[in-house]
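Engineer: Okay, predicted coordinates and the sequence, questions at the end:
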Amino acid sequence: MTKSNRFASIRSTKKTITTQQANPNSVVEHSVGRETVGREIADSDPTVEHVSDLSLSRLGWRATFQRQLASLEFQGGRAARVSAHHRGQYGLLTEQGETNLAIKSDLPPMTVGDWLLLDEQERFLHLFERDSLFSRKAAGSRSERQLIASNLDWVFIVSSLNHDFNINRIERYLALVNDAKVTPVVVLTKRDLCDDISAYTERLRALDSNLLIETVNGLDSDSVQALESYCSNGKTVALIGSSGVGKSTLVNSLLGQSEQSTSGVRTDDSKGRHTTTGRSLHLMPSGGLLLDTPGMRELQLADCEDGVNDTFSELVSLAERCRFGDCQHQEEPGCAVQAAILSGCLSERRLVSYQKLLREQALNGASIAEKRAQGRSQSKLYKRIQDSSRANKRGE
Ligand SMILES: Nc1nc2c(ncn2[C@@H]2O[C@H](COP(=O)(O)OP(=O)(O)OP(=O)(O)O)[C@@H](O)[C@H]2O)c(=O)[nH]1
Ligand SMILES: [Mg+2]
Ligand SMILES: [Zn+2]
């Protein structure tokens, strides 16, 4: 293919990639469709002039990155977006198509959705500051933050209209999304299997009357059209939710083709089988980008007090009217929160959930900070030992 006519249009290819599972020690191979985006390129010189090109905006490039780029010291470079996180390498999308970047210890931690700059030999130069970052405490007992996705316009919190629907879990997701300063949309799937949709939507409306809620049959392309308005040119939408709720099914219906594997849920409890094992970014024919994620077994909050307060804003306003500034909303006199519960304006469940999430994010935040501090003092100690052994060798 000549330089001038390559990537004249979006083309779709199938290939097998290796993705990292939720369990970092296990790796699976699965087949995903990949799209390559591009344009007519008269000159293959990958310089910064290209960053204002339409195809980069198609990949989600924004004015904020352009401004960052203008303030960088070095000249040249090629913008790339992380589209997948494999074992040992990141998958990247650039205006010239797909490429990979080997993960080395000197790279900053990156996640799907990140923008970075490569040099002409496709080596890492710079990670752009993120517009938004979505993260959680790593699953299990590890005191670490796990980066999930970045630079998002919308997050679809996907839940199915069956007994897997869980309002406390949705509140958790809302806290995370609100903390990342991204607008959440609750997408309720499997409406074709549900007799009483309003029973679910009313419970969500009670959380927040302004919450964006969509109900769909993910298997029906006409039904998912309601979601296309969120996915216009260059907009990035992440789908999160438990296994089996139909995230990948939605991705496939919105893409108009089966790029992601899906599989049936267990009949006894409607739980999924953890079919998707890695995060991946997909270009929609209509111009948006969809970020599919594996179903989360566990969603622990860390350091997201703002997100929790945003999610429970009515409670925060009530608490401002309590007589005591440090009111715990238990049995204190003049507690406006308890008064609201007694009068039926606020549910007890909501207060319990609020206090639980506030505690959890503080505890996890503290344990991550402690682990980091331990790591720093250990590396300082290691450096001191190395320095003194070098000095000994030199006979100092
Ligand atoms: N009837 C019906 N079935 C659906 C709908 N959405 C998804 N499904 C089915 O639900 C099952 C699970 O869907 P997936 O798309 O694999 O779920 P997922 O959320 O991606 O699950 P993980 O990848 O495990 O996190 C599949 O059998 C889908 O066909 C829907 O709206 N209606
Ligand atoms: Mg999936
Ligand atoms: Zn109170």
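Structural biologist: Structure's in. What do you need? What you are looking at is a predicted structure, and each value in this text was computed from that prediction instead of being measured. Ligands and ions are numbered 1, 2, ... in the order given.
Engineer: interface residues of this structure facing ligand 1?
Structural biologist: 189-190, 192-193, 217-219, 243-249, 262-265, 272-276, 294-295 (Cβ under 6 Å from any ligand atom). All C-beta atoms are positioned from the backbone trio N, CA, C, and that covers glycine.
Engineer: Filter those down to just the ones in helices.
Structural biologist: Counted as lying in helices by DSSP state H, out of the residues of the chain next to ligand 1, are 247, 248, 249.
Engineer: Against residue 176, how distant is the second one?
Structural biologist: So that's residue 248. 20 Å (Cβ to Cβ, to the nearest Å).
Engineer: shaky segments in the stretch 151-300 of the chain?
Structural biologist: Within the stretch 151-300 of the chain, the set of residues satisfying pLDDT under 70 comprises 268-270.
Engineer: What distance separates the opening and closing residues of stretch 315-328?
Structural biologist: End-to-end distance for stretch 315-328, by Cα to Cα, to the nearest Å: 12 Å.
Engineer: So for it, what gets flagged as buried?
Structural biologist: 315, 318, 319, 322, 327 (16 or more other Cβ atoms under 10 Å).
Engineer: Just give me the closest of the residues you listed to residue 355.
Structural biologist: Distance to residue 355 across the buried residues of stretch 315-328 (Cβ to Cβ) is lowest for residue 315, with 9.4 Å.
Engineer: Provide a list of residues in contact with the closest one.
Structural biologist: Contacts for residue 315 (Cβ atoms under 8 Å, 6 or more residues apart in numbering) come out as 337, 346, 350, 351, 354.
Engineer: Please verify my assumption that the fourth one contacts residue 329.
Structural biologist: Which is residue 351. Yes - counting by Cβ atoms under 8 Å, residue 329 is a contact partner of residue 351 at 6.1 Å.
Engineer: Any idea how many residues pack against residue 330?
Structural biologist: 10 (other Cβ atoms under 10 Å).
Engineer: repeat for the one 10 residues further on
Structural biologist: By the other Cβ under 10 Å criterion, the neighbourhood of residue 340 contains 20 residues.
Engineer: tell me the secondary structure for it?
Structural biologist: With DSSP: H, G, I helix; E, B strand; the rest coil as the basis, residue 340 sits in helix.
Engineer: list the contacts for it?
Structural biologist: 318, 346 are the contacts of residue 340 under Cβ under 8 Å, 6+ apart.
Engineer: Repeat that for residue 230.
Structural biologist: Per Cβ under 8 Å, 6+ apart, neighbours of residue 230: 153, 154, 156, 185, 237, 288.
Engineer: Hmm, the fifth one is touching residue 154, no?
Structural biologist: The reference is to residue 237. Yes - Residue 237 is within contact range of residue 154, at 4.6 Å (criterion: Cβ under 8 Å).
Engineer: Compare those two (neighbour count), which wins?
Structural biologist: residue 237 (23 against 19).
Engineer: and residue 81, how many neighbours?
Structural biologist: Neighbour tally, residue 81, other Cβ under 10 Å: 26.
Engineer: typo on my end, it should be residue 127
Structural biologist: Residue 127: 16 neighbours (other Cβ under 10 Å).
Engineer: Would you state the strands of the stretch 151-300 of the chain in chain order?
Structural biologist: 154-160, 183-189, 212-215, 236-240, 280-283, 289-292 (DSSP state E, counting those that start in this stretch).
Engineer: now those strands in CSV, with distance to residue 92?
Structural biologist: Formatted as CSV, the strands of the stretch 151-300 of the chain follow (distance: least, Cβ to Cβ, whole Å):
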stretch, distance to residue 92
strand 154-160, 22
strand 183-189, 26
strand 212-215, 31
strand 236-240, 15
strand 280-283, 10
strand 289-292, 14
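Engineer: which one of the ones you listed lies closest to ligand 3?
Structural biologist: Closest to ligand 3 of these, according to Cβ to the ion: strand 183-189, at 27.2 Å.
Engineer: Can you pick out the most distant pair from the contacts of residue 230?
Structural biologist: 185 and 288 (13.0 Å).
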